[in-house]
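Asker: Got a predicted structure plus its sequence, pasted below:
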Amino acid sequence: MTEKPKNYSRRDFLKTTGIATGALIGGGLIGGLVGLNANKTDQEVSEGTINHEMATNQGFQFFQNQREFDVLSNATERIFPKDDLGPGAIDLGVPYFIDRQLAAQYGSNTKEYMHGPFAVGAKTQGYQSRLTRASIFRQGIAQLEEEASKRFEKGFSSLEAEQMDEILTAFQNDEVPMTGVTSAFFFRLLRTATLEGAYADPMYGGNRNMDGWKMKEFPGHQMAYINVIEEEKFQKIEPKSLSGM
Amino acid sequence: MATTLPKVDVVVVGLGWTGGIIAAECAKAGLKVIGLERGRKRGTEDYQKIHDEYRYAVRYELMQDLSKETITIRNNRKMPALPMRQLSSFLLGDGLGGSGTHWNGHTWRFYPYDFQIKTMTDEKYGPNKLSSDYLLQDWGVTYDELEPYFYKYDQTAGISGEDKNPFWGKRAQDFPTPPMKRTPILKKFEGATKSLGYSPFMLPSANLSEAYTNPDGEVITACQYCGFCERFGCEYGAKTSPEITVIPTAIKTGNFEARFHANVMEVIKSGNKVTGVRYLDTQSGEEFIQEAEVVVLASYVMNNAKLLMVSNIGEQYDPETGKGTLGKNYCYQILPGATGYFEEQMNTFMGAGALGMSIDDYNADNFDHSDLDFIHGGSISITQTGYRPIETNPIQQGTPTWGAEFKKNSIYNYTRTLSIGAQGASMPHKENYLSLDSKYKDVYGLPLLQMTYNFTDQDRALHKYITEISTNIMKEMGAKTIEGKVAITDYDIVGYQTTHNTGGTIMGANPENSVVNPFLQHWDAENLFVVGAGNFPHNGGYNPTGTVAALAYKSAEGIIKYSKSGGSLV
């Protein structure tokens, strides 16, 4: 991927305005910032996760403040980072994908058995929480912030990449206390949702420009492979989305 | 107060493969048939936007809504059972076609050995090959008796295949359609297994190699290898399913009516007969009693067992005393295998659900078990089903599961990884069974079905053995690095494994050890038939649908005969 001239990034903004701690990053401030960035095209920033900018502001269906959304965005970016293969979670629109999913059936577990009594089961018995995925995400994001401020005295979104990784690893290893759910379970949800957002059909708001599929060389919605399936040679096929892209 | 509806000849509960076959055969014979389906009507036109991994494969669009009904699960009797709150280990179907809509299309006939497993094991290895904790028994029917019904299903479904497996039961006729395409990926497996001295052959497939008109006049089109079979319906009508074959056949007779959103709550029994079923119209909230001369339970394994239990028909199996047959011999399946990482890129995203090659050298009793601590085995196959990007992120052991290295590896390996998998047979154990849960209820107020299940030593030994074979084949296929499946310990409901659940309403030659007779007629109620993989006294080394369908055809013949003469069919 070619490097584009560096635009005025959020980090620069924070540096120049002297606002560096997570505690101070309020919705209004960043909200205004996203509006600013929305007018720019081709935001490309080379250093560190937290410098990724939202190419667009699509509005929220689940999240209510920018701070929570930024924590989610940065966490997904660490799970699926931008690299020389192509975009990471943020540029793929994964945070918006997750936002929409949390506002829908996925977030409220409508197709799952949610009747009590609830009990902590054996590992082999699977998910037993009374919490919906929406509640788990909300709590998990708050815990990411909490953990960041405990360990580094900063908001999660203001951390260096390695610091974010340290916290995510602690979640993955079930070292962070959560209520009604384990941090390992939240991490698993977050990781899975990130991959879903990276590779689901772009009509769901992630996999922007089918870039997830392009990196993986998956051609998406093709009607037939009958004419090429016997070919020895690897078939590079321009991907198609169900939305007609 | 339930409204009683005019009596019909046959009421069928559930309209998947078994319900569809029974409905079509009975309606063709002139019987008036009502089919009650708790889900909705659907067909090929509903699958036009099916190439959507997220909606259908990940969020389970076509599957059972667990908020209404699920099961509870525990590994042993000492544990409290808890609800399966999310689908994962197996995927229960819903709606017209049931699991026959979202299946892959692997269509096998269980082995002659399977049907007489107790007799044949005792004869060859003596009566103590397995401990008495394993409840091995013959099925009360032989392969030869079932052969015509197997072929009938082959014809109805237009199965594509080649009769080149030296081990399987004799086929009176060849497959109705030729095998699917031998792709480069399949050829790799073919070459490797041949050079190891095994006998590879094309997997019998219900994704048809060419357009086909079945004996009932239903047309099934040719597979386009689009890679969206399992968990999806087919937009071409090229994957044989009940809604494009047996259901339209039943409708054409004018003797069949399907009612949707009809959730059956109870089978009504009186003396040694049943009088009908009570069901809820889940849209209007009204309850009905549909009276019938014959009641056929043709829903999935779990629900067939549950309906008998809540209706108090038959004696519940008790693992303490060994008494009772209802819920007994629940079996799952064992999935050994190996994954190989290659250097060259392959077209792994193309495929079809049943596009594959198999060997049976280690299935059934095709190899000597004298010095082995297990019986039976499994079919070992490579299938090119079309890797989907959300769910396929292959990384070698030791690679981080997220972050930059994960991303790089999972993307690189996506088109460079192949897996060999086996359907491993599962033997019944006295501690593995189905019963009713005492605590949790479904949305209609009925108790949930409770599953008590764990893998046994037999399962673990089989898994280890077949994994080693699979690893050797993968080596021969030229993989750069190979990983065999991790040894199994306790059964875990998390993570998809297989939807091949069996047992609970088992068939047999006498009422002492089975729920239904070889026509799947209930021993305690002569006009009640229970049809499905629940009839299997153990689970074999194959996908179950072919055997389920053959049993359904045999049962349909029994029902037609019963409706003329009455009484027990045996």
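Answerer: Looks like it arrived, so ask away.
Asker: How is the residue nearest the centre of chain A classified with respect to secondary structure?
Answerer: Centroid check for chain A by CA atoms, centre = their mean gives A:T76 as the closest residue, at 3.3 Å. Following DSSP: H, G, I helix; E, B strand; the rest coil, the label given to A:T76 is helix.
Asker: Now do stretch B:117-127: everything it contacts.
Answerer: Identification of contacts with stretch B:117-127 by CB atoms under 8 Å, 6 or more residues apart in numbering or on different chains yields B:113, B:129-130, B:136-139, B:365, B:369-370, B:375-376, B:538. Quick note: C-beta positions are derived from backbone N, CA and C, even for glycine.
Asker: can you pull the contacts of the closest residue to the residue nearest to the centre of chain A other than its chain neighbours?
Answerer: Leaving aside its sequence neighbours, A:T76 sits nearest to A:A89 (CB to CB, 6 or more residues apart in numbering or on different chains; 3.7 Å). By CB under 8 Å, 6+ apart, the contact list for A:A89 reads A:S73, A:T76, A:E77, A:I79, A:F80, A:P81, A:P95, A:T194, A:G197, A:A198.
Asker: Let me have the residues you listed in JSON lines, adding pLDDT and secondary structure as columns.
Answerer: What follows is the contacts of A:A89, written out as JSON lines (pLDDT from 0 to 100; DSSP: H, G, I helix; E, B strand; the rest coil):
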{"residue": "A:S73", "pLDDT": "98", "secondary structure": "helix"}
{"residue": "A:T76", "pLDDT": "98", "secondary structure": "helix"}
{"residue": "A:E77", "pLDDT": "98", "secondary structure": "helix"}
{"residue": "A:I79", "pLDDT": "98", "secondary structure": "helix"}
{"residue": "A:F80", "pLDDT": "98", "secondary structure": "coil"}
{"residue": "A:P81", "pLDDT": "98", "secondary structure": "coil"}
{"residue": "A:P95", "pLDDT": "98", "secondary structure": "helix"}
{"residue": "A:T194", "pLDDT": "98", "secondary structure": "helix"}
{"residue": "A:G197", "pLDDT": "98", "secondary structure": "helix"}
{"residue": "A:A198", "pLDDT": "98", "secondary structure": "helix"}
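Asker: in what helix or strand does the residue in the stretch 101-250 of chain B positioned nearest to chain A lie?
Answerer: Minimum separation of the stretch 101-250 of chain B from chain A (CB to the nearest CB) falls at B:Q224, amounting to 3.7 Å. Here B:Q224, judged by DSSP states H and E, is contained in no helix and no strand.
Asker: List phi and psi for it.
Answerer: Main-chain dihedrals, B:Q224, degrees, to the nearest 10: phi -100, psi 0.
Asker: mind checking how far it is from B:I50?
Answerer: Per CB to CB, to the nearest Å, B:Q224 is found 12 Å from B:I50.
Asker: what about stretch B:131-147, distance to the chain center?
Answerer: Taking CA atoms, centre = their mean, to the nearest Å, the mean C-alpha location of stretch B:131-147 is offset from the chain mean by 18 Å.
Asker: Next, the buried residues of that stretch.
Answerer: Neighbour counts over stretch B:131-147 (16 or more other CB atoms under 10 Å in any protein chain shown) mark B:Y134, B:L135, B:L136, B:Q137, B:D138, B:W139, B:G140, B:V141, B:Y143, B:L146, B:E147 as buried.
Asker: Make a markdown table from the residues you listed and add pLDDT to it.
Answerer: What follows is the buried residues of stretch B:131-147, written out as a markdown table (pLDDT from 0 to 100):
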| residue | pLDDT |
| --- | --- |
| B:Y134 | 98 |
| B:L135 | 98 |
| B:L136 | 97 |
| B:Q137 | 98 |
| B:D138 | 98 |
| B:W139 | 98 |
| B:G140 | 98 |
| B:V141 | 98 |
| B:Y143 | 98 |
| B:L146 | 98 |
| B:E147 | 98 |
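Asker: From chain A, how far out is the residue of chain B most remote from its centre?
Answerer: Farthest-out residue of chain B from its mean C-alpha position, per CA atoms, centre = their mean: B:A404, at 39.5 Å. Applying CB to the nearest CB, to the nearest Å, the value for B:A404 to chain A is 5 Å.
Asker: residues touching that residue, list them.
Answerer: A:P81, A:D83.
Asker: what pLDDT does it get?
Answerer: As predicted, B:A404 sits at a pLDDT of 98.
Asker: quick revisit: pull the number of nearby residues for the residue of the stretch 101-250 of chain B closest to chain A.
Answerer: Other residues lying near B:Q224 total 21 when counted by other CB atoms under 10 Å in any protein chain shown.
Asker: if I read this right, it contacts B:A238, doesn't it?
Answerer: Yes - counting by CB atoms under 8 Å, B:Q224 does reach B:A238; the two are 6.6 Å apart.
Asker: Leaving out the residues flanking it, which one is nearest to B:E286?
Answerer: Closest to B:E286 by CB to CB, 6+ apart is B:T3, at 6.8 Å.
Asker: How about the contacts made by that neighbour?
Answerer: B:E286, B:E287, B:F288, B:I289.
Asker: just the buried members of those?
Answerer: Neighbour-count burial (16+ other CB under 10 Å) is assigned, among those, to B:F288, B:I289.
Asker: Throw the contacts of B:T3 into CSV and include secondary structure and distance to B:T399, thanks.
Answerer: Listed next are the contacts of B:T3 as CSV, based on DSSP: H, G, I helix; E, B strand; the rest coil; distance: CB to CB, whole Å:
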residue, secondary structure, distance to B:T399
B:E286, coil, 56
B:E287, strand, 56
B:F288, strand, 57
B:I289, strand, 59
